[in-house]
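S.K.: Just a sequence and a predicted model for now, questions to come.
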Amino acid sequence: MRNVIDFRTGSGNSPGGIKRIQSYEDDSMRMSKLLVPTLKEDPADAEVISHKLMLRAGMIRKLTAGIYSYLPLGSRSLRKMEQIVREEMNAAGAQEVFLPMVQPAELWEESGRWDVYGSELLRFKDRHGRECCLGPTHEEVITDLVRRDVRSYRHLPLNLYQIQTKFRDEIRPRFGLMRGREFMMKDGYSFDATEEGAEQSYAAMWDAYRKVFARCGLKFRAVEADSGPIGGSFSHEFMVLADTGEDTVVSCDTCDYAANMEKAEIRPASGNVPETAGTPKKVATPGASSIEDVSRFLNVPPHALIKTLILKTDTGPVAVLVRGDHDLNEVKVKNFVNAGEIELADERTIEAVTGGPLGFSGPVGLGKVKILADYAIRSMGSAVVGANERDAHLVEVSPARDFTVDHYSDFRSAAEGDPCPRCEGTLHLSRGIEVGHVFKLGIKYSEAMNARFLDADGKERPMIMGCYGIGVSRTVAAAIEQNHDQDGIIFPPPLAPFRVVVTPVGAKNAEVDETAEKIYRDLWDGGIDALLDDRDERPGVKFKDADLIGIPFRITVGKKALAEGKAELRNRRTKETVLVELSSILEAVKTGLENWDSEAS
Ligand code: ATP
Ligand code: MG
């Protein structure tokens, strides 16, 4: 008898999924046949835990830098993630398409990105000498598709997505699937006739993303992200919370405000500015130019110093002042001055602007450039600043009295304990992994590439777009970063390659083997994807592998318990083992899966 199984979800008769006939005898469900080359030792070139564990669990293998093959277990987890994404996108009204990976340069020239994208865009020529690239993202391709076939407001809104391989020639591919060069992404694009419509499309995707990551069983936060000088909060990143994350999540302990580091706002300090008694005096600070050096040399705390940074912008240099213990936030400055690019000025520019060398800049007497200052400068009484002269600083400088600030604004990065911009609460910093990004694009691409429609009055207008990405392969890795222990992966059940492993143990025994086989078949019939560890191995080897792979539940069938009509059920996360009547195993597994999330917290 062949049993009908949805091979993506493992459920017997789930409607809508792609079905395939799988038999209980399939090699892919039996550990004795399945290609799972587990490793005992940590691979030398793996730095982060998900990379190590995916290699050790035989889920992936590296082909070359940033490019990986997925073995059967890795492929199963990836397919499960894809299916969750697919179901939620479809439920939110998006339509699945599949776009080419190779893209012609002309489209990128039309959008203006051919010259600005940088070396992450892998460019090459075909045999006719035509310039092409491998798609790192698909705004150009989708805009081209839609502009050809959608001409009327009646066909809008439209939301199209695909799940496909992306290629970005990352400068430092590392951390396995977390930052690959070739990786799997869900990218979606919405097209609307009106601003309101575009905002609704955005909100629908935001909501769908929450459902996706909640269904994956992950702890995550949706954080406000920088959307460039357009402003507003029309960009959110979805962050899986994990100490090993590369990104910083800034969140309030009282309200639900959360943002990434680039974007996180800080409530300006209020209160009285202390009077400055003395007048500015020049002091010698030989060789001391960094905040730490000056602070030590003059024996003043860093927060009594002002950092003066000269930045180059499209429209010329500016000086930006932040308190000594604060970090400049270049994105905030960039948005404030509405610049395409900004960077720290080189020594020559600094000398031209300040008359002094690098490391000794200060705002007093600085006449040639605009001075922007962070709000915190306003509350400083007596400060130490550079004297615009080698080996010298000025002390007892009052910002209110001794120099003129052109604009005060929020120019620094949030730090632990800063006041929340939305309420009276306090901001905290934690680590996260960016797994998704939603962005309201507006008419950037539709204007550049002429994607127009006729509105109800017959007037031509550019479509208003949004783009929405999920790192499908990165999410699987992020799930491992968040859920593991010293023995291996602890997969949240929705992303586990199998949710149960059935493990016959002990000396060869027909009854044990037959019972294990029956449990395994009953689980599949009951809609639970199970792996049968039918290898001729010691129990210890089987248990270690099951723990390493992170299968949520292990059912151990042994002679002793079997004599009482029972088998052992073990939870990978809690490590709790219970003896269960053979007849109630399916129920016990289902209950365990349902309670998985509540037991985690
Ligand atoms: P990052 O800042 O991490 O480089 P990004 O902001 O450039 O990512 P997006 O263009 O927003 O990435 O792409 C959408 C999603 O694709 C990201 O949220 C992330 O989950 C995933 N992603 C991006 N780059 C990679 C990569 N090199 N490897 C794996 N996943 C990636
Ligand atoms: Mg992003």
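M.R.: Looks like it arrived, so ask away. Ligands and ions are numbered 1, 2, ... in the order given.
S.K.: Check the model's average confidence along stretch 162-177 for me.
M.R.: Average pLDDT, stretch 162-177: 93.
S.K.: buried residues in it?
M.R.: Applying a neighbour-count criterion of 16 or more other CB atoms under 10 Å, one finds 162-164, 166-170, 173-177 buried in stretch 162-177. Using the backbone N, CA and C atoms, a C-beta is placed for each residue, glycine as well.
S.K.: Contact residues of the stretch 101-250 of the chain facing ligand 1?
M.R.: 137, 168, 170, 179-180, 183, 185 (CB under 6 Å from any ligand atom).
S.K.: Please tell me which one of those counts the most neighbours.
M.R.: In terms of neighbours by other CB atoms under 10 Å, these top out with residue 180 at 26 neighbours.
S.K.: With ligand 1 as the reference, measure out to the nearest residue to it once chain neighbours are set aside.
M.R.: Using CB to CB, 6 or more residues apart in numbering and skipping residues adjacent in sequence, the residue nearest residue 180 is residue 66, 4.7 Å away. Distance, residue 66 to ligand 1, by CB to the nearest ligand atom, to the nearest Å: 7 Å.
S.K.: Surely residue 49 touches residue 483?
M.R.: No - contact between residue 49 and residue 483 fails when scored by CB atoms under 8 Å: they sit 10.1 Å apart.
S.K.: hey, what's residue 433 bridged with?
M.R.: Beta-bridge partners recorded for residue 433 (DSSP bridges): residue 240.
S.K.: cool, and the one 5 residues further on?
M.R.: For residue 438, the beta-bridge partners under DSSP bridges are residue 236, residue 468.
S.K.: That one touches residue 205, doesn't it?
M.R.: Yes - if you go by CB under 8 Å, residue 438 and residue 205 touch, sitting 5.1 Å apart.
S.K.: Enumerate every residue touching the residue in the stretch 351-500 of the chain positioned nearest to ligand 1.
M.R.: Per CB to the nearest ligand atom, residue 471 is where the stretch 351-500 of the chain lies closest to ligand 1, at 2.2 Å. Applying CB atoms under 8 Å, 6 or more residues apart in numbering, we find residue 471 in contact with 183-185, 434-436, 478.
S.K.: can you check residue 99 too?
M.R.: Residue 99 touches 135, 138, 141-142, 145, 162, 164, counting by CB under 8 Å, 6+ apart.
S.K.: Would you format the residues you listed as JSON lines with secondary structure included?
M.R.: JSON lines is the format used below for these (DSSP: H, G, I helix; E, B strand; the rest coil):
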{"residue": "135", "secondary structure": "coil"}
{"residue": "138", "secondary structure": "coil"}
{"residue": "141", "secondary structure": "helix"}
{"residue": "142", "secondary structure": "helix"}
{"residue": "145", "secondary structure": "helix"}
{"residue": "162", "secondary structure": "strand"}
{"residue": "164", "secondary structure": "strand"}
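S.K.: Going through these, which ones are buried?
M.R.: Buried among the contacts of residue 99 (16+ other CB under 10 Å): 135, 138, 141-142, 145, 162, 164.
S.K.: Now do the strands in the stretch 301-450 of the chain.
M.R.: With DSSP state E, counting those that start in this stretch, the ranges of strands along the stretch 301-450 of the chain come out as 306-313, 316-323, 342-344, 371-374, 383-386, 392-397, 407-409, 427-442.
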